[in-house]
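*Asks:* Sequence plus predicted model, see below.
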Amino acid sequence: MRKLVLDIGNSRLKWAVIDNQQLSFGGAYPYRQRDFKELASEIWQDLTVDHVAVANVGGDDVAKQLRDWVADKWQLDVQFLLAGLQSHGVKNGYATPFQLGVDRWASVIGAWQQHKAPVCVYDCGTAITVDVVDDKGQLLGGTISPGMNLMVKSLVSGADGLKDFANNCFDSQRGGELTIFAKDTRSAILNGCLLNAVSFMECTANELRITYPDMKFLVTGGDSELLMPYLSEHFQHNPFLVLEGADVLST
């Protein structure tokens with residue numbers, strides 16, 4: 001079976017094709033300012049698949065447009081994945097399990113399938129989410145922090161002189177030096193937000209390692225490549241973790 005797997009986040013659509021259990025990443029696209037059906041035609045017009053599975057936190061309107069487009073293009077129903085009480089060895093410890101974002105649920109399913117050991121997933125996108133699974137496959141819960149672009153927008157929203165820094169603040173300085181002695185405003189904003197994100201991630205990881213010395217720390221999401229150079233060796237990069245978990249959940 002040839003499967004199209006989607007991760008529709010708050011701002012970007014990520015997709016991959018699963019064929020003979022092999023994942024081929026298709027790309028990541030901002031979709032909020034686009035007609036969704038037009039975008040779908042642009043990227044999938046020449047694609048043929050037998051199944052479509054989706055981890056969607058983008059809302060009902062996007063879901064409807066996707067469902068209609070898939071039905072018209074391939075005459076298929078879309079499998080919209082949901083968080084549950086347990087799945088593939090992971091037990092959901094959320095107070096109201098079905099309120100856990102399906103992208104977070106997919107990421108921990110994917111992480112547990114890979115390691116079958118204590119694991120912590122950092123999904124770095126619009127928000128930075130942290131989800132922890134213990135050695136028995138119990139999802140203990142998580143933490144949510146603003147993502148870096150959200151930090152920038154919050155910082156500059158009340159200052160007219162800084163509003164030009166809100167757009168694409170990080171694009172021109174990826175992999176640069178992280179210092180508290182920035183010599184210009186853009187670098188000062190960038191470094192401040194990066195320090196906040198890195199400190200948050202390192203602090204939570206250090207706390208978890210006290211109880212779980214062998215815990216794996218996986219980093220995924222749209223800002224993961226930006227953050228990885230500043231993180232310690234405890235962190236492993238897995239950019240396709242939600243897609244991998246969504247593939248598992250859809251079986």
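*Replies:* Here it is on my side, so go on.
*Asks:* List the contacts of the closest residue to residue 150 other than its chain neighbours.
*Replies:* With Cβ to Cβ, 6 or more residues apart in numbering as the criterion, residue 150 has its nearest non-adjacent residue at 6.1 Å, and that residue is residue 126. From N, CA and C alone the C-beta is placed, and that goes for glycine too. The contact partners of residue 126, by Cβ atoms under 8 Å, 6 or more residues apart in numbering, come to 9-11, 147, 149-150.
*Asks:* among those residues, which are in strands?
*Replies:* Members of those lying in strands (criterion: DSSP state E): none.
*Asks:* What is the nearest of the residues you listed to residue 210?
*Replies:* Checking the contacts of residue 126 against residue 210 by Cβ to Cβ gives residue 147 as the nearest, at 26.3 Å.
*Asks:* How about the contacts made by the closest one?
*Replies:* Contacts of residue 147 (Cβ under 8 Å, 6+ apart): 124-128, 197, 223.
*Asks:* Isn't residue 87 up against residue 249?
*Replies:* Yes - counting by Cβ atoms under 8 Å, residue 87 does reach residue 249; the two are 6.3 Å apart.
*Asks:* ok, these two, which is more surrounded?
*Replies:* Each of residue 87 and residue 249 has its neighbours counted (other Cβ atoms under 10 Å); residue 249 has more, 22 against 19.
*Asks:* In contact with that one, which residues are there?
*Replies:* Applying Cβ under 8 Å, 6+ apart to residue 249 gives the contacts 53, 55, 81, 87-88, 105-106, 109.
*Asks:* go again using 10 Å as the cut-off
*Replies:* 5, 53, 55, 79, 81-84, 87-88, 102, 105-106, 109-110 (Cβ atoms under 10 Å, 6 or more residues apart in numbering).
*Asks:* mind listing the helices for the stretch 151-251 of the chain?
*Replies:* Using DSSP state H, counting those that start in this stretch, the helices found in the stretch 151-251 of the chain span residues 185-211, 224-227, 241-249.
*Asks:* Could you single out the most deeply buried of these?
*Replies:* Sort the helices of the stretch 151-251 of the chain by mean neighbour count, taking mean count of other Cβ atoms under 10 Å, and helix 241-249 sits at the top with a mean of 26.
*Asks:* what about it, distance to the chain center?
*Replies:* How far helix 241-249 lies from its chain's middle: 11 Å, per Cα atoms, centre = their mean, to the nearest Å.
*Asks:* Would you mind giving me the confidence score for residue 64?
*Replies:* We have a pLDDT of 97 for residue 64.
*Asks:* on that earlier part again, which neighbours do residue 87 and residue 249 share?
*Replies:* Common neighbours of residue 87 and residue 249 are listed as 81, 105-106, 109 (criterion: Cβ under 10 Å, 6+ apart).
*Asks:* nearest to residue 46, of the helices of the stretch 151-251 of the chain?
*Replies:* Closest approach to residue 46 among the helices of the stretch 151-251 of the chain (Cβ to Cβ): helix 241-249, 20.2 Å.
*Asks:* CA atoms only: put the closest one into CSV for me.
*Replies:* Output in CSV follows, covering the C-alpha atoms of helix 241-249 (Å, rounded to 0.1, in the frame of the first residue of the first chain):
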residue,chain,number,x,y,z
LEU,A,241,8.9,12.1,14.0
VAL,A,242,5.3,13.2,13.7
LEU,A,243,5.0,11.7,10.2
GLU,A,244,6.6,8.5,11.4
GLY,A,245,4.2,8.3,14.4
ALA,A,246,1.2,9.1,12.2
ASP,A,247,2.2,6.2,9.9
VAL,A,248,2.2,3.9,12.9
LEU,A,249,-1.1,5.3,14.2
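*Asks:* With that, I have no additional questions.
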